[in-house]
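Chemist: Structure of the sequence below:
(2 chains)
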There are 2 protein chains.
Amino acid sequence: MANPRAAMLVIGDEILSGRTRDSNLHYLAKELTRCGIDLVEARLVPDDHAAIVAAVRALSAGHDHLFTSGGIGPTHDDITADAVAEAMGAKIGHRADAMALLQAHYDRQGTEFNEARQRMARIPDGAVLIDNPISVAPGFTLGNVHVMAGVPTIFEAMLASVLPGLTGGAPLLSQSLRVMRGEGEIAAEFGALAQAFPDLSMGSYPFSQNGVYGTNLVIRGSDPARLDAAMQRLMALFG
Amino acid sequence: MANPRAAMLVIGDEILSGRTRDSNLHYLAKELTRCGIDLVEARLVPDDHAAIVAAVRALSAGHDHLFTSGGIGPTHDDITADAVAEAMGAKIGHRADAMALLQAHYDRQGTEFNEARQRMARIPDGAVLIDNPISVAPGFTLGNVHVMAGVPTIFEAMLASVLPGLTGGAPLLSQSLRVMRGEGEIAAEFGALAQAFPDLSMGSYPFSQNGVYGTNLVIRGSDPARLDAAMQRLMALFG
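Modeler: Next comes the predicted model:
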């Protein structure tokens, strides 16, 4: 049987002006090759509504999957979600599930969930949210289009959530623990835990809040029982 | 006057499989920005005749210039010249000027100018050769399509031959401000500033450093006075 065929759409003025060098395309190419999905075309377009709509239409129609990166943040030039909705003929608004995720996140941080941040809850009707273990604001899958962030660490984390569902494998589950200690302080014990659970994938994502360093520890795997076992050990170490 | 608009087509299985990481796109983007030519779209396609023909047709018709990289060497998968000829409705064969260049080169080296190497003399009728100071085998310009090698050093050398002959607009200038605040916090005011300067392009690029979130705010435009005015407002807001 032939491999599924995929395309990628990289969105952002900063790539085409040469200010930023894209790295998501190369990362996606390697990951898809590893999974037996053929990346057969890629396009780069600026932050331009009509250009994004046209590219999404052409690439989603011509391939089994389309992966996009960029343009889903809180600023005025983040227009990907609306453009994808239009291209796919879906309605879009501030969706309750995404609003709840973000509200809870900013409440935990003691940060205002202002209008700009609410922009990141604009999700098309019928889309499935893509987990963002790093900064919460979700991506989404609408039809065969997988919409992900442009920041490489977040793109890579989102892709890790999406890929297992495409290749017929068991869906990848994740659990996370927020620890108010710096990465360097917990790295040795966290690394030992990762070695004790070679069937799971463990990642750490540093942040700082009000001048205090913290780390989000994320565990991914397809077996819920193993995930629970690892989380219990994690809680015992740092909970 | 608006800047000329350009597109790029990156050709090669090795990029889409993740085996090789393209660097020519980023290099071209920076060079065009410096010259006042706007790179407004890029595509990557595999070594597939029909895919190259279709992309060359679409991109050369829709832009002032199209730059291609890859697929002009001596092996069976080097099919760019023939595909570009077909896309542009030109005949192609072993052209005498290119044959003479290569014959002299291999004579100097004492190397056989065999059939495979002669493939690199396939140049469309009516095309202008692009100098290759590194390994002699030329690129070519046919209509508004500039066909160059995929090897980065050769691509860069060929581009240096091509760019001075193209008419650029005013060079795009940029100024940026690094702010140690998250995107969501500054989005509203930054968006309002962008609306106040519709002739400039403003983008925000989040980063995290040692666990601290920050944002690079970038303003681009071709009028230095307008750029200075916008930067003053930006500094007053976030400086």
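
Chemist: quick one: the helices in chain A?
Modeler: A:13-16, A:24-35, A:49-62, A:80-88, A:96-109, A:115-118, A:152-166, A:183-196, A:224-238 (DSSP state H).

Chemist: mean pLDDT for those: which is lowest?
Modeler: Among the helices of chain A, helix A:183-196 carries the lowest mean pLDDT, a mean of 87.

Chemist: How about the contacts made by A:P46?
Modeler: Contact analysis of A:P46 by Cβ atoms under 8 Å, 6 or more residues apart in numbering or on different chains lists A:11-13, A:16, B:40-41. Heads up, the C-betas are built off the backbone N, CA and C, glycines and all.

Chemist: re earlier: can the helices of chain A go into a markdown table with extra columns for distance to chain B and mean neighbour count?
Modeler: Formatted as a markdown table, these follow (distance: least, Cβ to the nearest Cβ, whole Å; neighbours: other Cβ atoms under 10 Å in any protein chain shown):
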| stretch | distance to chain B | mean neighbour count |
| --- | --- | --- |
| helix A:13-16 | 5 | 24 |
| helix A:24-35 | 3 | 20 |
| helix A:49-62 | 7 | 18 |
| helix A:80-88 | 14 | 23 |
| helix A:96-109 | 8 | 15 |
| helix A:115-118 | 3 | 19 |
| helix A:152-166 | 8 | 20 |
| helix A:183-196 | 8 | 14 |
| helix A:224-238 | 16 | 15 |
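
Chemist: Compare those helices and report which one is nearest to B:A90.
Modeler: Among the helices of chain A, helix A:49-62 comes nearest to B:A90, with 26.3 Å by Cβ to Cβ.

Chemist: Report the angle between that closest one and helix A:80-88.
Modeler: For helix A:49-62 against helix A:80-88, the angle by axes from the mean of the first three to the mean of the last three Cα atoms, to 10 degrees is 60 degrees.

Chemist: Show me the contact partners of helix A:49-62.
Modeler: Contacts for helix A:49-62 (Cβ under 8 Å, 6+ apart): A:7, A:9, A:11, A:41, A:43, A:45, A:66, A:68, A:71, A:79-80, A:82-84, A:86-88, A:143-145, B:40-41.

Chemist: A:L166 contacts A:H65, doesn't it?
Modeler: Yes - counting by Cβ atoms under 8 Å, A:H65 is a contact partner of A:L166 at 6.4 Å.

Chemist: can you list residues touching both of these two?
Modeler: Shared contacts of A:L166 and A:H65, counting by Cβ under 8 Å, 6+ apart, come down to A:4, A:37.

Chemist: Show me how the record splits chain A into domains.
Modeler: Domains of chain A are assigned by automatic domain parsing as A:5-166, A:173-238.

Chemist: a markdown table please, covering the contacts of A:P46 and showing distance to A:I154.
Modeler: As requested, those are exported to a markdown table (distance: Cβ to Cβ, whole Å):
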| residue | distance to A:I154 |
| --- | --- |
| A:I11 | 14 |
| A:G12 | 14 |
| A:D13 | 19 |
| A:L16 | 21 |
| B:V40 | 26 |
| B:E41 | 25 |
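
Chemist: Among these, which one lies nearest to A:S204?
Modeler: A:G12 (27.1 Å).

Chemist: how about that closest one, what does it touch?
Modeler: Going by Cβ under 8 Å, 6+ apart, A:G12 touches A:20, A:44, A:46-47, A:70-71, A:150, B:203.

Chemist: Test for you: state the pLDDT assigned to the nearest residue to A:I15 once chain neighbours are set aside.
Modeler: Take A:I15 and drop its neighbours on the chain: the residue closest to it by Cβ to Cβ, 6 or more residues apart in numbering or on different chains is A:D22, 4.8 Å away. Predicted confidence (pLDDT) at A:D22: the value is 95.

Chemist: Go ahead and confirm A:D22 touches B:H26.
Modeler: Yes - assessed by Cβ under 8 Å, A:D22 is found in contact with B:H26 at 7.5 Å.

Chemist: for the helices of chain A, which one sits closest to B:A230?
Modeler: B:A230 sits nearest to helix A:13-16 of all the helices of chain A, at 15.9 Å, using Cβ to Cβ.

Chemist: and the two most separated of the contacts of A:G12?
Modeler: Using Cβ to Cβ, the contacts of A:G12 span at most 14.9 Å, a distance reached by A:L44 and B:G203.

Chemist: which of those two has more neighbours?
Modeler: The residue with more neighbours, out of A:L44 and B:G203, is A:L44; 28 against 24, by other Cβ atoms under 10 Å in any protein chain shown.

Chemist: Contact partners for that one?
Modeler: Listed by Cβ under 8 Å, 6+ apart, the contact partners of A:L44 are A:9-12, A:15-16, A:22, B:25, B:41-43.

Chemist: For the residue nearest to the spatial centre of chain A, which non-adjacent residue is spatially closest?
Modeler: Note on chain A: the residue nearest the mean C-alpha position is A:M158, at 2.5 Å, using Cα atoms, centre = their mean. Leaving aside its sequence neighbours, A:M158 sits nearest to A:M148 (Cβ to Cβ, 6+ apart; 4.3 Å).

Chemist: correct me, but the one you found touches A:D131?
Modeler: No - applying Cβ under 8 Å, one finds A:M148 not in contact with A:D131, separated by 10.8 Å.

Chemist: joint contacts of these two?
Modeler: Here A:M148 and A:D131 have A:M158 as joint contacts, going by Cβ under 8 Å, 6+ apart.

Chemist: Which one's more surrounded, the two?
Modeler: A:M148 (27 against 20).

Chemist: Show me what that one bridges to in the sheet.
Modeler: A:S69 (DSSP bridges).

Chemist: Pull the contacting residues for it.
Modeler: When contacts are counted by Cβ under 8 Å, 6+ apart, A:M148 touches A:67-69, A:72, A:130, A:139, A:154-155, A:158-159, A:162.

Chemist: and the gap between it and A:D13?
Modeler: 18 Å (Cβ to Cβ, to the nearest Å).

Chemist: Same question for A:A225.
Modeler: Counting by Cβ to Cβ - A:A225 and A:D13 are separated by 46 Å.

Chemist: do A:R117 as well
Modeler: From A:R117 over to A:D13 the distance is 22 Å, taken as Cβ to Cβ.

Chemist: With A:S204 instead?
Modeler: Distance, A:S204 to A:D13, by Cβ to Cβ: 32 Å.

Chemist: how about stretch A:212-220, does it reach chain B?
Modeler: Yes - counting by Cβ under 8 Å from any Cβ of the partner chain, chain B has neighbours in stretch A:212-220: A:213-214.
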